[in-house]
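> Sharing a sequence plus its predicted fold:
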There are 2 protein chains.
Amino acid sequence: MFSGAQVSLYPMSDDFVGIILGAIKALEPYRPDFRIETDDVSTLIVGPPEQLFPAMRDLFAAAAAGGAHCVLAATVSRGCPGEPDDPICTPINPSGPQTGLEERIAEARRAVAAAAPLGRDIAAQFSIYPLGIGQHMDEIYGCIEFLKSSGVFDRSKNFCTKLRGDVGPVFATLSEAFLRFGAPDGHVAMDLKVSANSPTVA
Amino acid sequence: MFSGAQVSLYPMSDDFVGIILGAIKALEPYRPDFRIETDDVSTLIVGPPEQLFPAMRDLFAAAAAGGAHCVLAATVSRGCPGEPDDPICTPINPSGPQTGLEERIAEARRAVAAAAPLGRDIAAQFSIYPLGIGQHMDEIYGCIEFLKSSGVFDRSKNFCTKLRGDVGPVFATLSEAFLRFGAPDGHVAMDLKVSANSPTVA
């Protein structure tokens, strides 16, 4: 198993370098569990799948805290057959046999209900791709059923789903969508954008 | 067939609204062929698959022309079975039976060689997902073989491929990767980031 994300932060501000360097400190608590590499386009984080969204949540909340319009964009992946197995990616909660879609939807909903709000509203837009299985649309439709009942569903758009709500439950919803849908050891990818402090909230 | 993209522009500048509004004028020549809808997170463009990357190229080149660090992020899709057929998405060059991987790689390479340079260097990072077919990794590996010989290949990264070069051949390479790999009428998605004027080019 290999799991991680290529993460980019885009502060719409002349001080974008300062905002990014300040926000990256929020990743410190995760460094013992992650491999982290940065270049001019993105920062790679590789580690346990359950920790990816909490790490991105804390990074993004730190960047948005100053009030600038900020976007986090990430390519998140687990189980890619082109990546080597890596012990650092061992799931914290190894999965047993996969349960049915209805049961997974209920579990995901409970996890989101338990997520603490952090006091900042954001929008998120994402697509999830369960790869290499014939019934990929079944898993996508199951995931959408969960999203509609997550409490942070905004609307379906062409090619993606939009969430809106507090940063805590929104990131919990993204994590549940990523972890519980698609085959447990299969290849699942997510294309994610999260936006805070937009001057043009629709 | 349905094809289009959710496109976002991120100028790292206090004047991000002005830069975005100025750049959007570059889409005017495409308006007759596209359906275009904007909200606070992204702009949807729906139209012929061959025109998607030229439209994004012109939009991005306009945004980057002033010298601010700018990123374009897009979720590009064709053939999604969850979207309705739409006559506006009719390919300009309807495909015949799909040829073998080697022939498609050669055709893609010729198309990139014919792309005019536009005088600005950029970086692009993307992942391509051919969905709903068992051999998705074969198409991905074929696409990577093309990318490595495209003239703008920078390097493979975890979960994605990075290109670097002039905006003309880079967008031509992205378009060829999107159009020629995966089943002709199958579901193919691309997660794309393009970056210009970064102060930290690696």
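That came through, no problem.
> Just want the angle from the host helix or strand of residue A:192 to strand B:187-196.
Assessed by DSSP states H and E, residue A:192 sits inside strand A:187-196. Strand A:187-196 runs at 50 degrees relative to strand B:187-196, counting by axes from the mean of the first three to the mean of the last three CA atoms, to 10 degrees.
> So which elements touch strand A:187-196?
helix A:49-64, strand A:70-78, strand A:121-131, helix A:167-180, strand B:121-131, strand B:187-196 (3 or more CB pairs under 8 Å, 6 or more residues apart in numbering or on different chains; DSSP states H and E). (Glycine included, C-beta is placed from N, CA and C.)
> Check the offset of the helix or strand of chain A with the lowest mean pLDDT from the chain's centre.
Every helix and strand in chain A was compared by mean pLDDT, DSSP states H and E; the lowest is helix A:136-148, with a mean of 87. Centre-to-centre, helix A:136-148 and its host chain are 16 Å apart (CA atoms, centre = their mean, to the nearest Å).
> Pull the residues that contact that helix.
A:101, A:104-105, A:108-109, A:128-130, A:133, A:153, A:156, A:161, A:163, A:173, A:176-177, A:180-182, B:81-82, B:131-132 (CB atoms under 8 Å, 6 or more residues apart in numbering or on different chains).
> from the residues you listed, which would you call buried?
Neighbour-count burial (16 or more other CB atoms under 10 Å in any protein chain shown) is assigned, among the contacts of helix A:136-148, to A:101, A:104-105, A:108-109, A:128-130, A:133, A:153, A:161, A:163, A:173, A:176-177, A:180-182, B:131-132.
> so where's chain A uncertain?
Where chain A drops to pLDDT under 70, the residues are A:94-96, A:132-136, A:201-202.
> Now the terminal residues of stretch A:158-177, how far apart.
One end of stretch A:158-177 sits 18 Å from the other (CA to CA, to the nearest Å).
> Just the buried positions in it, please.
Neighbour-count burial for stretch A:158-177 [16+ other CB under 10 Å]: A:158-177.
> cool, stretch A:73-87 as well?
A:73-80, A:83.
> Which residues are in contact with residue A:112?
Residue A:112 touches A:150-152, A:169, A:172-173, A:176, counting by CB under 8 Å, 6+ apart.
> okay if I get those residues as CSV plus distance to residue A:194?
Formatted as CSV, the contacts of residue A:112 follow (distance: CB to CB, whole Å):
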residue, distance to residue A:194
A:150, 15
A:151, 17
A:152, 12
A:169, 13
A:172, 13
A:173, 11
A:176, 15
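> Need these in JSON lines (columns: distance to chain B).
JSON lines is the format used below for these (distance: CB to the nearest CB, whole Å):
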{"residue": "A:150", "distance to chain B": "17"}
{"residue": "A:151", "distance to chain B": "19"}
{"residue": "A:152", "distance to chain B": "14"}
{"residue": "A:169", "distance to chain B": "18"}
{"residue": "A:172", "distance to chain B": "19"}
{"residue": "A:173", "distance to chain B": "16"}
{"residue": "A:176", "distance to chain B": "20"}
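> Return the closest of those with respect to residue B:195.
residue A:173 (28.3 Å; CB to CB).
> contacting residues for the closest one?
A:108, A:112, A:124, A:147, A:150-152, A:163.
> which of the residues you listed lies closest to residue B:40?
The closest of these, once distances to residue B:40 are taken by CB to CB, is residue A:124, at 11.8 Å.
> In this structure that closest one contacts residue A:174, no?
Yes - taking contacts as CB atoms under 8 Å, residue A:124 lies within contact range of residue A:174: 6.3 Å.
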